[in-house]
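*Asks:* this is a predicted model, with the sequence first.
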Amino acid sequence: MKPLLEMRGITKTFPGVKALDNVNLSVRAGEIHALIGENGAGKSTLMKVLSGVYPHGSYSGEIRFQDQEATFRGITDSEKLGIIIIHQELALVPLLSITENLFLGNERAKKGVIDWSAATVKARELLRMVGLSDSPETLVTNIGVGKQQLVEIAKALSKEVKLLILDEPTASLNESDSDALLALLLEFKARGIASILISHKLNEIAKVADRVTILRDGSTVETLDCHEAPIRQERIIKGMVGREIADRYPKRTTTPGELLFEVKGWNADHPIHAGRRMVKDVSISVRRGEVVGIAGLMGAGRTEFAMSLFGGAYGQNISGKAYLHGREIDVSTIRRAMNSGLAYATEDRKHYGLVLDNDIRHNVSLANLTGVSKKGVIHHEREIEVANEYRRRLRIRCSSVFQETVNLSGGNQQKVVLSKWLFSDPQVLILDEPTRGIDVGAKYEIYTIVNQLVAEGRGVILISSEMPELLGIADRIYVMNEGAMVAEMPASDASQEKIMGAIMSSTGRPSASTPSREKLQ
Amino acid sequence: MSAEVNLPAPAKHASMAQFFKSHMRDYGMLISLLAIVAFFQYMTDGTLLRPLNLTNLVLQNSYIVIMALGMLLVIVAGHIDLSVGSIVGFIGALAAILMVQYHLHFIPTTIICLLAGGAIGAAQGYWVAYFRIPSFIVTLAGMLVFRGLSLALLAGQSVGPFPVEFQRLSSGFIPDVFGMEGYHLTTLLLCVVTPLAMIGLNVAARIRRHRFAIDQEPLPLFIVKNLGLFAAMAYIGSLLATYKGLPNVLIIMVVLIGLYAFVTRDTTIGRRVYALGGNEKAAKLSGIDTRRLTFYTFVNMGVLAALAGLIFAARLNTATPKAGVSFELDVIAACFIGGASASGGVGRVTGAVIGAFIMGVMNNGMSIIGIGIDWQQVIKGLVLLAAVFFDVYNKSKS
């Protein structure tokens, strides 16, 4: 069978860097082709070459699509042929309706006048195809990320797609949304639409992919056929990192000590809708040298709990008490929470974690400027020393600490965020999805850092949607659902089934500690 | 100067061309200013740099430069202040009422006016910082309100003249301790000693940076820059010394420029303003009180606008309801020409000052040549656009 897409010997250089080196990729009609590799392996660059973001002539090598040589000068050229790319960061306009977004730039119009009824009819049809039952008039901002992803796909369908490229489509989706999306890809496959799926989630790839191409350091390592032999995750990881990772979670030798940090009866309301309780009577404890995991589905209130605890960075009408070493501490503002020994590393490093235009050095010192200054005057050399120290300790890969963080890969950005909080020297560090969207190798390094932290006697609260990760590195796991803690178990006792069971059995159950619920209903 | 020649060869240096490329904006600005000065010096047959005109140039631009310092912080913090022109008018009016009608001494008047400026800044900053009303709207309102209030205060009339001591703020010159006939030796000495001190500091910083193996500009460039600085200041000093010496305003301006350059570069407050403008949410989650910081950048702007208002009033020796009209545009343009980013987080004091002088020299030069106000505005507008285009183009290329 002739392949639908054939990329041969693609080489793309940027000043000083060879981003792609003789890469080959071949996609058959109607297959789901997974493209995987560590961050910085060249996946995105390759897709940009394919979609025409890097126009013909700016790279060497050949692209053949449907047996024709493709020389795209821009995205419009590749879209015309039916190659549609859906980026990780969705390109929807939040304050426009679903219909308006679906046909943006491709309006159902006659002589510039939009035919709204035709557009709505077509929109309904497209939404049905992706299994979305919302009204096409709904504003995009009012639907969840999972549904927004589906709108993006519907938009692709409106353009007669032949090859759909999805860049980490499930990175910010919960399990059920992810499953729905993968099912959709299978449906497309049945209809003859090919997909290229870029993902770090190896279990998803194992579920849906027909073939897997692995990139490493800008070159093709190999292409594996999933139908010839079932592919083991270890096999893929080995291809990605070039070595066998025997254990995905580094061993910890220390054991938790005495009680360090405690939260009792924590409540917080939605920041806009007072009375809508998002965090309900939450109590947790952390011991010295302990990693405490918080499991839960997207929207369970974990981030809301953590941020409201961290100086009221989220919500209003916050109540509850926090204790460190048995003494009550003041966490009413972020500064006070930090001074009391708390730190919170955000799940959204680009929007909440880093000043992207600033270099590594300035980001590392940001939360503890007093640590590099005297009487308000910054000691620049000391600041550079500090940045270099963390660069070494956390193995941040960069040209120098003067590199702007916007140019770092996800894993290295995460390490900068961690450096910032380590430099603030907290007793208790809350890590919110610290490994989201970063590759296996970098994940391992982050886990190693967590181990170092607890070895120093700190406490770590780890919020994660990846259950294997929680089971792999937490000592104890809390399960949160609908704003409340619904279960607590030692990790040795826990399993994915147990955690899901706790979530399921508590869903929809009115809890005693939420008087506000009745008011809402 | 021998200290730097003896410096050991740095471990790792970007090549000259590379360094130049990555700092294109910084040098481009300075080179543009020098080119513009040279152009008008030629076009005006040397009038531009005559001592008298040079003094005028400083006096005319001082208030723009002073306000640009505050505006830079406001813009770096991610905001804008459209009201500064009206504040200049209002403070001038207030000073006139206090001194001319109530015969208040100029020192308490100055203090009251600076406090009033701070209060105006606080009033505006309050809405911006604590109610998150866009600064564009708040200060647009302020622009109308304070223009109206200055009209009301002066009852539509011009009020003056001011006491002589107050006029000295703008029209005075520093005293000469040597008393040489026709030559202001103090001025020359100041203009020689100050750059020498600055060069000393630069060399010390360079040695310190070298010890920490920090990349810095190539040595030849460093030498050229410092020699240039010395030559330029000594030359200006020697010119002004043949006239009346250094204007008081120039001293105020230079001290403020130094202070704000220091604050933005070397203090935690300055760093926090940049972080606030670069990513407010990240700054907030890093324990920075972003609201208070925003508030104080507006207070600071208010005080500087008040100072500018006093200087402007003293220069005209009268307060008019029209004083300061459209100053905000020159001030904002100076910051953007100087490389500040409209989305916040980026900008330098030196850039804003150079930007202000580019505008000032063009104003002055075009007036001498006899280009009308109409075409002056067209040209200034195009220069602003070109400068920002250059910025964006540079950025997209890298």
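*Replies:* Looks like it came in fine.
*Asks:* tell me the pLDDT at the spatially most central residue of chain B?
*Replies:* The structure's chain B has its C-alpha centroid closest to B:Val65; by CA atoms, centre = their mean the separation is 2.6 Å. On the pLDDT scale, B:Val65 is placed at 96.
*Asks:* and it, helix, strand or coil?
*Replies:* helix (DSSP: H, G, I helix; E, B strand; the rest coil).
*Asks:* where does chain B dip in pLDDT?
*Replies:* For chain B, residues meeting the criterion pLDDT under 70 lie at B:1-16, B:18, B:20-22, B:25, B:215, B:397-398.
*Asks:* how about the residues of it by chain A?
*Replies:* Proximity of chain B to chain A (CB under 8 Å from any CB of the partner chain) is limited to residues B:208-209, B:211-212, B:214-215, B:266-269, B:271-272, B:274-275, B:278-279, B:281-289, B:345-346. (C-beta placed from N, C-alpha, C; glycine too.)
*Asks:* what residues does the stretch 201-350 of chain A put near chain B?
*Replies:* Counting by CB under 8 Å from any CB, the stretch 201-350 of chain A sits next to chain B at A:310-311, A:313, A:333-335, A:338, A:344, A:346.
*Asks:* list buried residues within the residues of chain B next to chain A.
*Replies:* Buried by 16 or more other CB atoms under 10 Å in any protein chain shown: B:209, B:214, B:266-269, B:271-272, B:274-275, B:278-279, B:282-289, B:345-346, out of these.
*Asks:* now, those that are in helices?
*Replies:* Members of those lying in helices (criterion: DSSP state H): B:209, B:266, B:268-269, B:271-272, B:274-275, B:278, B:282-285.
*Asks:* if we can go back for a sec, ok, now how distant is the residue nearest to the centre of chain B from B:Val331?
*Replies:* 9 Å (CB to CB, to the nearest Å).
*Asks:* who touches both of the two?
*Replies:* Here B:Val65 and B:Val331 have B:Ala356 as joint contacts, going by CB atoms under 8 Å, 6 or more residues apart in numbering or on different chains.
*Asks:* pretty sure B:Leu239 is touching B:Leu48, no?
*Replies:* No - contact criterion CB atoms under 8 Å: B:Leu239 and B:Leu48 do not qualify, at 11.0 Å.
*Asks:* so the two - more neighbours on which side?
*Replies:* Using other CB atoms under 10 Å in any protein chain shown as the criterion, B:Leu239 and B:Leu48 rank with B:Leu48 on top: 22 against 19.
*Asks:* residue contacts, that one?
*Replies:* By CB under 8 Å, 6+ apart, the neighbours of B:Leu48 are B:37, B:40-41, B:54, B:57, B:361, B:364-365, B:368.
*Asks:* burial of A:Met504, as a residue count?
*Replies:* 11.
*Asks:* near chain B at all, stretch A:398-406?
*Replies:* Yes - under the criterion of CB under 8 Å from any CB, chain B is reached by stretch A:398-406 at A:400, A:402.
*Asks:* find the residues that touch each one of B:Leu239 and B:Leu48.
*Replies:* Common neighbours of B:Leu239 and B:Leu48, using CB under 8 Å, 6+ apart, are B:Leu54.
*Asks:* pick out the residue of the stretch 51-200 of chain B closest to chain A.
*Replies:* B:Val76 (11.2 Å; CB to the nearest CB).
*Asks:* which ones are touching that residue?
*Replies:* Here B:Val76 is in contact with B:264, B:273-274, B:277, B:340, B:344-347 (CB under 8 Å, 6+ apart).
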